[in-house]
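Visitor: what follows is a predicted protein model with its sequence.
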Amino acid sequence: MAGLGIVWLVHAETGSFGMAGLVTGAFAAAETVVGPQAARLMDRFGQPRVLVPLLCAHAGAIVTLVALALTGAPVVPLMAAGLAAGATVPQFDALSVARWSALLHGRAELAPAFALETISNDVAFLLGPALAVLTATQLHPAAGTVLAGALVVGAGLAFATLRRTAPAPTAVPALDRADARGPGTLRTRSFATLLAVGLALGVFFGSKQVSVSAFADAHHGSGRRSGRARAGFAVPLLALAATAVLTWSSRLTLTTATTASRRLLAEADSAGAAL
């Protein structure tokens, strides 16, 4: 969602999809490289302790990116702001999976919970791009980027208040010297294959953000067709996701659902009392 919002923001202010692709690429590259390192810090110091400053930095980066784009800044400052914005995006899917693992460790409901988590993430990834394009083309070029940033910061702060469900911090073990000198997992053929496939998928989805938007703009003179096209892509996949939800949700027991709901409500009450 943020990537497409940036595409339409930069293109609207510069008239160049090439520059928009550079800024979006910087955003995605920073998220890919820095995201796992931020997750390691959360494992070591706890999610709430790292999330809040990370979200504050992300809000500042988004505001800076929007301000630079609206004032006609050149590509280098825009890419720098894109790097900062991407580097400060929390990996919510991994954080949520860690919480499910802590809550349902060793229980049969853990696998269905992971399935529901994956499906909910996929639904968000389907709806987010369409929403970003529609807001950017219907309201204001910066609306998609601002909305994406607001959702990340708002949801992240709410997520950080749920301290009871957060996993306890764990010490990061030091690497064994013998393992560090050996070839390691990163040099195995299996990892290289997974890396190649992942890179290919990343190139496809990353280039699709710019190419579909550029095609819609070139042939129809408006990004509205791009938003409609993405909404059309989402419809059959959302139907498939709904079927999967109904299938997997039947495997979660009523007791588990009730316990989880009570725990989340207790967290919400505690957060409200603190405010």
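Guide: Perfect, I can see it now.
Visitor: from the chain's centroid, how far away is the helix ranked longest in the chain?
Guide: As assigned by DSSP state H, the longest helix anywhere in the chain is helix 189-220. Distance of helix 189-220 from its chain centroid, counting by Cα atoms, centre = their mean, to the nearest Å, is 16 Å.
Visitor: mean confidence for it?
Guide: Mean per-residue pLDDT for helix 189-220: 75.
Visitor: please renumber the chain so that the first residue is 16 from this point on.
Guide: Fine by me, first position is 16 from now on; the one you just mentioned is helix 204-235.
Visitor: just give the nearest non-adjacent residue to Gly20, would you?
Guide: Closest residue in space to Gly20, ignoring its immediate chain neighbours: Gly159 at 3.1 Å, by Cβ to Cβ, 6 or more residues apart in numbering. In this view, the C-beta of every residue, glycine as well, is placed from N, C-alpha and C.
Visitor: ok, the one you found - contacts?
Guide: Met16, Leu19, Gly20, Trp23, Leu24, Leu146, Ala147, Val148, Thr150, Ala151 (Cβ atoms under 8 Å, 6 or more residues apart in numbering).
Visitor: out of these, what pair is the most spread apart?
Guide: Pairwise distances across the contacts of Gly159 peak at 14.5 Å for Leu24 and Leu146 (criterion: Cβ to Cβ).
Visitor: quick one, which of the two is more surrounded?
Guide: Per other Cβ atoms under 10 Å, whichever of Leu24 and Leu146 has more neighbours is Leu24, with 27 against 23.
Visitor: quick one: pLDDT of the more buried one?
Guide: With respect to pLDDT, Leu24 scores 91.
Visitor: distance between the helix or strand hosting Leu37 and the chain's centre?
Guide: Using DSSP states H and E, Leu37 sits within helix 32-60. Relative to its parent chain, helix 32-60 has a centroid offset of 10 Å by Cα atoms, centre = their mean.
Visitor: can you name the element that comes right after that helix?
Guide: helix 62-85.
Visitor: so what does the residue nearest in space to the middle of the chain look like in phi/psi?
Guide: Using Cα atoms, centre = their mean, the residue of the chain that lies closest to the mean C-alpha position is Gln106, 5.9 Å off. Dihedral pair for Gln106: phi -90, psi 80, per degrees, to the nearest 10.
Visitor: likewise for Leu154?
Guide: Per degrees, to the nearest 10, the backbone of Leu154 is at phi -100, psi -70.
Visitor: ok, it to Ala27 distance?
Guide: Distance from Leu154 to Ala27, counting by Cβ to Cβ, to the nearest Å: 12 Å.
Visitor: more neighbours: those two, which one.
Guide: Neighbours were counted for Leu154 and for Ala27 using other Cβ under 10 Å; Ala27 has more, 18 against 12.
Visitor: which strand or helix spans that one?
Guide: Ala27 is part of helix 17-29, with elements assigned from DSSP H and E.
Visitor: and that helix, what's buried?
Guide: 17-29 (16 or more other Cβ atoms under 10 Å).
Visitor: follow-up on the earlier one: which strands and helices lie in contact with the helix holding Leu37?
Guide: If you count contacts as 3 or more Cβ pairs under 8 Å, 6 or more residues apart in numbering; DSSP states H and E, helix 32-60 packs onto helix 17-29, helix 62-85, helix 90-102, helix 107-118, helix 204-235.
Visitor: can you tell me which of the ones you listed comes nearest to Val138?
Guide: Distance to Val138, taken as Cβ to Cβ, is lowest for helix 107-118 among the helices and strands packed on helix 32-60, at 12.2 Å.
Visitor: need the contact partners of the closest one.
Guide: If you take Cβ under 8 Å, 6+ apart as the criterion, helix 107-118 is touched by 54, 57-58, 62, 66, 125, 128-129, 132, 136, 170-171, 174, 177, 180-183, 275, 278.
Visitor: and these, which are buried?
Guide: Counted by 16+ other Cβ under 10 Å, the contacts of helix 107-118 give 54, 57-58, 62, 66, 128-129, 171, 174, 177, 180-182, 275 as buried.
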